[in-house]
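[1] got a sequence here, can you model it:
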Amino acid sequence: MKKRLVRCSCATLLVLQSCGAQRERAASAPWTTHTDPAGFTVSVPAGWKIAADASSGRVAIAGPAQERAVIWPVFLPDEMTRATAGILLQRLTAAAGFTANRWSPPYAVTAQAIRMDGGAAVASLAWSSSPGGTAAYLFVTAASRAAYRDAVFGRILSSFRITGRQRPSEPTYVEWRDPFEKAFTVEVPAGWRVEGGLYRFASVDTRSALTLTSPARHIRITFGDKDLPTFTEPNPMLQWSGFREGSLYSPGYGVTMLVKRYIAGPEFVRDYIPLKPARDCANLQFTESRPRPDADQAVNRLYSRFATYGVTMEQRSGDASFTCTEDGKPMAGYHFAGTLRTRSSTQGGIWIAQHLFGFIAIPEKARQAQEVIRHIVGSITVNPEWARTQQQTTMETSRIVSETNQAVSKIIDDTYWTRQRSQDEVSRRRSNAMLGLEDVVDPATGRQLQVEAGADYYWIDHRGTIVGTQTDSLPSLDFRSLTRLP
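    Numbering: from 1, shown residues only. Model prediction:
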């Protein structure tokens, strides 16, 4: 939606003085025209100071004798009425720092301009409405009445023009291709140094990482991180096997995972910035940090289809802005992280830092760095032929891993029960030795029995009576031999 701004006119400046007063001679001091990168021009007497707040669009002007003026263009999505204009005038005047004055109630000057008087200060609001919304200007001035008679403020305000924010010169982009497997292409600024590509650690473990550095080294942009593996969440089975949080675990075929609890994007990005993007910085301070559910909505909608197969996939993103000092120079930075978590009913959760990018730059180049990142993200193209080959590789590896896992699972199971049986046998012998007992088996029934130790042979009759002897002779014809267990 295009925002139509109001131009200062004679009618608008009635809030400060009459048009006749504007025609009076201004101060005899020379005037200069200031062109600001924030997107405006204004003429002021020599020696006056101008400061623009880029976040709000407010312009503050100060003279050598404590003269003050504020010009504040604003835009509202709705149509303005006289009543809402009065409320807006009072709120913006207070927000501009003019709170000590005793202001009169707002009153109309023209059909689309209102004013408040505050002794030696004047505040006014002029607006223009259209179907797309309302553009308005706040003007506030404070000085001696002589300044009004000299029409200094009238000339300043009537010279104010919106020119539009000056954008950094658009770089020329060239295509850059992954040098390792030709897996993707991306458009990068001509003349910039580009390092990285697709790194393959295993058949199904590939990681993309890029670092771009401007010719003067004022901007450094990073995408991905080849040093970040797939993470697997701690679970009882891993812990029982000795894989605790912080340890490396390999399910096979060269794939290595780091056992680590899941960290959502907002927390991950704050932990990550000091480790990599700002590792050479001092005095790191976060200026903003927030979750980005807006970035996750479309992605999670696509992943929701896997819930049908008992698999849940969810991405949670966050970003952070920061400042620091690098090699004695002030720097500004930004980073985005989206971590994707995959869980199933039969396996523990695994997760990756799926989207990870940002920049660090000298403050005056931060906007250009943002523009370059936006262009790069929009230009990344995966090579379809590589994608088909990788998909086939993934399917084959998945089949092999599945079959191998079944075999490994049986080995683990057999090993466990073999070890358990061995432990039971040791326990049985130790217990018998302590209690003075021996284990015997009745071959006729297969029943295992315990008898007092000390005899070389043991016998049992049809009534269940057990007798021990030192020779292999039957005690009587009613008895049958029992077999001693080792």
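[2] what about the helices in the stretch 251-400 of the chain?
    In the stretch 251-400 of the chain, helices defined by DSSP state H, counting those that start in this stretch lie at 265-275, 293-303, 366-379, 384-435, listed in chain order.
[3] what about the longest one, average pLDDT?
    Regarding helix 384-435, the rounded mean pLDDT is 56.
[4] tell me the helix or strand right after it.
    Once the chain leaves helix 384-435, the next helix or strand it forms, by DSSP states H and E, is strand 437-441.
[5] partner strands of that next one, parallel or antiparallel?
    strand 448-452 (antiparallel), strand 480-484 (antiparallel) (DSSP bridges).
[6] any chance of those in JSON lines, with mean pLDDT and distance to Ala113 too?
    For every residue, glycine as well, the C-beta is placed using N, CA and C. Written out in JSON lines, the entries for these read as follows (pLDDT from 0 to 100; distance: least, CB to CB, whole Å):
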{"stretch": "strand 448-452", "mean pLDDT": "81", "distance to Ala113": "106"}
{"stretch": "strand 480-484", "mean pLDDT": "86", "distance to Ala113": "114"}
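[7] turn these into JSON lines, columns for mean neighbour count.
    Formatted as JSON lines, the entries for these read as follows, by neighbours: other CB atoms under 10 Å:
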{"stretch": "strand 448-452", "mean neighbour count": "15"}
{"stretch": "strand 480-484", "mean neighbour count": "15"}
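[8] ok, for the spatially most central residue of the chain, nearest residue in space, not its chain neighbours?
    With distances taken as CA atoms, centre = their mean, Gly318 lies nearest the centre of the chain, 2.6 Å away. Counting by CB to CB, 6 or more residues apart in numbering, Gly318 lies nearest to Pro266, which is 2.9 Å off, once chain neighbours are set aside.
[9] repeat that for Pro229.
    Leu258 (5.1 Å).
[10] the one you found touches Leu248, doesn't it?
    Yes. The pair formed by Leu258 and Leu248 meets the contact definition of CB atoms under 8 Å, at 6.0 Å.
[11] more neighbours, those two?
    Neighbours around Leu258 and Leu248, counted as other CB atoms under 10 Å, are more numerous at Leu258. The numbers are 14 against 11.
[12] pLDDT score for the more buried one?
    94.
[13] could you give the average pLDDT over stretch 266-282?
    On average, the pLDDT along stretch 266-282 is 96.
[14] now do stretch 78-85
    Average pLDDT, stretch 78-85: 87.
[15] quick one: least confident helix or strand in this protein?
    Least confident helix or strand, the chain: helix 19-22 with a mean of 38, by mean pLDDT, DSSP states H and E.
[16] now do the helix or strand just after that helix: distance to the chain's middle.
    Moving toward the C-terminus from helix 19-22, the first helix or strand encountered (DSSP H and E) is strand 31-36. The chain centroid and the centroid of strand 31-36 are separated by 41 Å under CA atoms, centre = their mean, to the nearest Å.
[17] neighbouring strands of strand 31-36 in the sheet, and parallel or not?
    In the sheet containing strand 31-36, its partner strands are strand 40-45 (antiparallel), by DSSP bridges.
[18] pull out the buried positions in the strand it pairs with.
    Of the residues in strand 40-45, those scored as buried under the neighbour-count criterion (16 or more other CB atoms under 10 Å) are 40, 42-45.
[19] any idea how many residues pack against the nearest residue to Gly196 once chain neighbours are set aside?
    For Gly196, ignoring the flanking residues on the chain, the nearest one in space by CB to CB, 6+ apart is Leu210 at 4.1 Å. Using other CB under 10 Å, Leu210 has 22 neighbouring residues.
[20] got it, and the one 5 residues further on?
    Here the number of neighbours of Pro215 (other CB under 10 Å) works out to 11.
[21] and the pLDDT for the closest residue to it other than its chain neighbours?
    Of all residues beyond its chain neighbours, the one nearest Pro215 is Gly191 (5.2 Å), with distances taken as CB to CB, 6+ apart. At Gly191, the model reports a pLDDT of 94.
[22] number of nearby residues for Gly191?
    Gly191 has 10 neighbouring residues, counting by other CB under 10 Å.
[23] who's Ile350 bridged to?
    Beta-bridge partners recorded for Ile350 (DSSP bridges): Thr232, Thr342.
[24] circling back: residues in contact with the residue nearest to the centre of the chain?
    If you count contacts by CB atoms under 8 Å, 6 or more residues apart in numbering, Gly318 has them with 264-270, 289-292, 336-337.
[25] now the buried members of those.
    Buried residues within these, defined by neighbour count using 16+ other CB under 10 Å: 264-270, 291-292, 336-337.
[26] just those residues now: which is nearest Ala361?
    Within those, proximity to Ala361 (CB to CB) peaks at Phe336, which comes in at 15.2 Å.
[27] who's the residue nearest to that closest one when sequence neighbours are not counted bridged to?
    For Phe336, ignoring the flanking residues on the chain, the nearest one in space by CB to CB, 6+ apart is Asp319 at 4.3 Å. Asp319 has these beta-bridge partners by DSSP bridges: Arg290, Phe336.
[28] do you know how far Asp319 is from Thr342?
    Here Asp319 is placed at a distance of 22 Å from Thr342 (CB to CB, to the nearest Å).
[29] neighbour count: these two, which is higher?
    For Asp319 versus Thr342, neighbours defined as other CB under 10 Å are more numerous around Asp319 (21 against 17).
[30] correct me, but Ile114 touches Trp103?
    No. Assessed by CB under 8 Å, Ile114 is found out of contact with Trp103, at 11.8 Å.
[31] what sits up against the strand or helix carrying the residue nearest to Gly196?
    The secondary structure element spanning Leu210 is strand 205-213 (assigned by DSSP H and E). Outside strand 205-213, the residues within contact range by CB under 8 Å, 6+ apart are 178, 183-184, 186, 188-189, 192-201, 219-226, 228-230, 254-256, 372, 376, 390.
[32] let's see it at 6 Å
    For strand 205-213, the external contacting residues (CB atoms under 6 Å, 6 or more residues apart in numbering) are 188, 192-196, 198-200, 220-226, 255.
[33] lovely, talk soon.
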